[in-house]
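Enquirer: I'll drop the sequence and a predicted model, then ask my questions.
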Amino acid sequence: MIKTQVLVIGSGPGGYTAAFRAADLGKEVTLIERHESLGGVCLNVGCIPSKSLLHTAEVINETKHASELGITFSKPKIDLKGVIKNKDSIVNKLTGGIQALAKARKVKVINGYAKFLSKNQVTLDGTDEVIEFEQCVISVGSRVTKFPMFPFEDKRVMDSTDALLLDDIPKRMLVVGGGIIGLEMATIYDALGTEITIVELGSQIIPAADKDIVNPLFKKIKKNYANIFLNTKVTSMTALKKGIKVVFEGKDAPKSDTFDKVLVAVGRTPNGILIDADKAGVNFNENGFIETDKQMKTNVENIYAIGDVVGQPMLAHKAVHEAKVAAEVICGKKSGFDALTIPSVAYTDPEVAWTGKTEKELKEAGIEFKKGIFPWAASGRSLSIGRTEGVSKSLFDSKSGKILGMGICGTNAGDLIAEASLAIEMGCDMSDIALTIHAHPTLSETTAFAAEMAEGTITDLMPPRKRK
Amino acid sequence: MPTQKNVDLPDIGDFDAVDIIEVLVKVGDTVNENDSIITLETDKATMEIPAPFSGKVTSLSIKVGDKVVQGDLILTLESESETETDSEVETDSEVETDSEVETDASSDQSDNKVIDNSEATVTSTVSQDNIKQPEEVSLKTDSNSHASPSIRKLARELGVSLSRINGTGKKGRILEKDLKSFVKELVTHGNLNEEVETIPLSRIKKLSGKHLSNCWNTIPHVTQFDEVNIDQLEKFRKHQKEKNIKLSPLVFIMKAVVQVLKRHPNFNASLDEGGENLILKKYFNLGIAVDTPNGLLVPVVKDVSKKSLIELSEELADISLRAREGKLDSSEMKGAGFTISSLGGIGGTQFTPIINSPEVAILGVSRTQIKPIWNGNSFEPTAMIPLALSYDHRVIDGAEGARFMAELNQVLSNIMEMLL
């Protein structure tokens, strides 16, 4: 039997962070991972490989438009093996890095599939090995929801993990789900030459974000992709010899169509139940998430849970923050999760990012707000890099002027949103942002411009309200 | 057809106008005869007004906060009748549209009033807020107490709820120094874990407070202490108890006080406003201080000299209960010549009671203790009850005060003397 003070199950960004933080605070830590390499979905089959492929896509797209800059490239030759090799080498570099960090911290890494026996013990599935722990952090993440209506047994019906393997470049691909994952994969396959069709049940792509923030992306892909069917349901999917036949139900969609490949990017299911957390007495809510308090403690005194397994949004950066809280609480620190905002980013082309409250959330909550919208067509930097689309929108409390939220669509929006998140955490006002000198010409200027639009102090455009 | 009858405010004693602090019924309610319909509050007590007959409330003419006098219309009751089915619906819909708004508003106000008047409610409301606020404070957009992540972390570590701190930074932002000075303040006052909150005094406390400070400031108090051997009394009490007659020491003290008051009429008196004449009372009414959830009340037991110990016992139980329930009539709190305040049931060796002006003396009773008393040959365990007599030195001089106490001691320690 192995005995440990702190057991962390799952080595995704949440898991390894919890393990490392607890080790740094003096605990003896054991980390269990079912896969060979550490890093979880994010590093192996999520954020990182997709970003590597998105960079590939970006380079291809840049060359396509290079003629406008007076440079002509010949049509790119795509060596899929090379693309995959580059992606894998990045993934390996990072997962190897985590392995090394674990070793340096003397975190014991065990390969296996943990299953709870009791509130103090897990076993490694398929073995007699029992690990006894004082405290445990469950960070086992989530998995793609395999809806039975989709014939996943056929290799041409993919989930995001399959799609990242890049087995081939299909001619025509359907992406089911117009959310972040579906749109990112569409961006990659589109750049590689696939003809993309997107089907989304909601009335807009990326339903969580404000429509005006998504619009520049929507306009662009609407032009580039074969079709985007909104308000449309997939009612059946059949694997035929010549392709996957998909039946739609929606005003704008045809009755059916056949695609070479289908990517299903709808829904992820938390993994808590797979590790028999119920045997430790851990409570789940009706959606299968493990319930925790603000200190990431479950209903079982010595068991904590973090990341996808405890609820939405299923984002690595949320898991990492929760992981630190859990590890610190385990080590007797008075930590708690009280972040004011968790930013969301779609690494599409252009990118979409938002933080704090969205406009629709504010309207729903009946909060009075002022908004400032700055179109990137007026940004010198954006035009210089050949982009006319893009928009920055900031939302402020009408009374106090405090920033409530921000949404950005445009190149590097995912990086630009950090300023707004900091502003929210620091309680910045409209004027704080407008009066901070932003370097010119940068894309970051657009954040200040959006604040100036709300204030009415903008000079790069006509201010929407009376001048101050 | 059902008949509509008005319910007016009955005679409630000699008050000009009293506040309605609670409306206990709403339109559509069915009330039985004697069910309470409203609560009134005078400067002396709260009282509930009962329904004079049964029926269904069809309209309310008053709301919380109104001042009413005798004869004012309170509500209309529809007396029950057998053939109601048709008309009931009609009546309902007619009245409800108009009066519902009013009823809602008044119940809101009565909620506020409840908080004003009941300390228990206040505390629970406040503590709920305290639990909720830390989570909400940061999300509230109109919050004027923003704190950055590092300040929130520090607050968590110090165990301080940021909602309790007024920020001094720009736009009310909570700064590290605000947090530190808040904690420093708590440390200097030695109640690190205690929260500070401001709650309004109950109405009774506000009123009695004014009266008490007036008494304390205008009357030159002298307090005479003594301890009385009540072995005999206790023996007698025990004996009665075996016969299932429960008598508290207080009723004996009341009897003994009256006995001594008869010999010292200056103590059963009041000083007139100019402070020149003493008004001697020829009757023996004793005020008895009662601790109620809302504050101190002093109901009066009348004609103590004419009542038996058992009668006094019953009357005491009755008025204390009604005092706690806020159901005392204001006339029951008037006309005392002398007051007794007994804290014996709670504890303490002695205290100095404040004279209830215009009376001139008050007796404070503390907890009986068994003490070793020298009986001439040996120390004997003896039940001793501590007494404290505060008197108005303008009326009573020291020797007289001491004599009163000595005689009271004499009567109480030899209960047979009560028969004299």
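Expert: Perfect, thanks for sending it. Numbering: from 1, shown residues only, chains lettered A, B, ... in the order given.
Enquirer: residues from the stretch 151-300 of chain B in reach of chain A?
Expert: B:152-153, B:156-157, B:159, B:171, B:173 (CB under 8 Å from any CB of the partner chain). From N, CA and C alone the C-beta is placed, and that goes for glycine too.
Enquirer: For PyMOL, write the selection for the buried entries among those.
Expert: To isolate the buried ones among those in PyMOL, judged by 16 or more other CB atoms under 10 Å in any protein chain shown, type:
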select buried, chain B and resi 152+153+156+173
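Enquirer: And the furthest pair within the residues of the stretch 151-300 of chain B next to chain A?
Expert: Taking CB to CB as the measure, these span a maximum distance of 25.7 Å, between B:159 and B:171.
Enquirer: just to revisit the earlier point, from the residues of the stretch 151-300 of chain B next to chain A, which one has the minimum pLDDT?
Expert: Lowest in pLDDT among those is residue B:171, which has 78.
Enquirer: Hmm, that residue is touching residue A:429, no?
Expert: Yes. The criterion here is CB atoms under 8 Å, and residue B:171 meets it with residue A:429 at 6.9 Å.
Enquirer: any shared contact partners between these two?
Expert: A:400, A:402 (CB atoms under 8 Å, 6 or more residues apart in numbering or on different chains).
Enquirer: What residues sit buried inside the longest helix belonging to chain A?
Expert: When chain A is parsed with DSSP state H, its longest helix is helix A:80-104. Neighbour counts over helix A:80-104 (16+ other CB under 10 Å) mark A:83-84, A:87, A:90-91, A:94-95, A:98-99, A:102 as buried.
Enquirer: do the same with stretch A:200-218
Expert: Result for stretch A:200-218 [16+ other CB under 10 Å]: buried residues A:200-201, A:204-206, A:208-210, A:213-218.
Enquirer: again, but for stretch A:445-456
Expert: Those would be A:445-455, for stretch A:445-456 by 16+ other CB under 10 Å.
Enquirer: next one: stretch A:105-124
Expert: Per 16+ other CB under 10 Å, stretch A:105-124 contains these buried residues: A:105, A:107-110, A:112-116, A:119-124.
Enquirer: And the residue nearest the centre of chain B, how far from residue B:65?
Expert: Chain B has residue B:295 as the residue nearest its centroid, 3.0 Å off, counting by CA atoms, centre = their mean. Distance from residue B:295 to residue B:65, counting by CB to CB, to the nearest Å: 21 Å.
Enquirer: Now do the domain split for chain B, please.
Expert: Following automatic domain parsing, one finds the domains of chain B at B:4-117, B:135-188, B:203-419.
Enquirer: Can I get these in TSV including distance to residue A:464?
Expert: Below are those laid out as TSV (distance: least, CB to CB, whole Å):
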stretch	distance to residue A:464
domain B:4-117	41
domain B:135-188	22
domain B:203-419	55
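Enquirer: The helix or strand where residue A:184 lies vs helix A:80-104, what angle?
Expert: Per DSSP states H and E: residue A:184 is located in helix A:180-192. Helix A:180-192 and helix A:80-104 meet at an angle of 140 degrees, taking axes from the mean of the first three to the mean of the last three CA atoms, to 10 degrees as the criterion.
Enquirer: which helices and strands sit right next to the helix or strand just after helix A:180-192?
Expert: Remark: after helix A:180-192, the chain's next helix or strand is strand A:195-199, criterion DSSP H and E. Packing partners of strand A:195-199 (3 or more CB pairs under 8 Å, 6 or more residues apart in numbering or on different chains; DSSP states H and E): strand A:172-176, helix A:180-192, helix A:211-224, strand A:227-229.
Enquirer: Would you mind listing the outside residues contacting strand A:195-199?
Expert: With CB under 8 Å, 6+ apart as the criterion, strand A:195-199 contacts A:171-178, A:182-183, A:186, A:189-190, A:205, A:221, A:224-229, A:232, A:234, A:246, A:248, A:250, A:253, A:257, A:259.
Enquirer: Check whether the residue nearest to the centre of chain B really touches residue B:212, as I assumed.
Expert: No. Contact between residue B:295 and residue B:212 fails when scored by CB under 8 Å: they sit 10.6 Å apart.
Enquirer: Which secondary structure state does the residue in chain B positioned nearest to chain A sit in?
Expert: Closest approach between chain B and chain A, counting by CB to the nearest CB: residue B:146, at 3.2 Å. Secondary structure of residue B:146, reduced to three states by DSSP: H, G, I helix; E, B strand; the rest coil: coil.
Enquirer: Pull up the residues of the stretch 301-450 of chain A that are close to chain B.
Expert: A:333-336, A:338-340, A:367, A:369, A:397, A:399-400, A:402, A:404, A:425-427, A:429.
Enquirer: List buried residues within those.
Expert: A:333, A:335-336, A:338-340, A:367, A:369, A:397, A:400, A:402, A:404, A:425-427, A:429.
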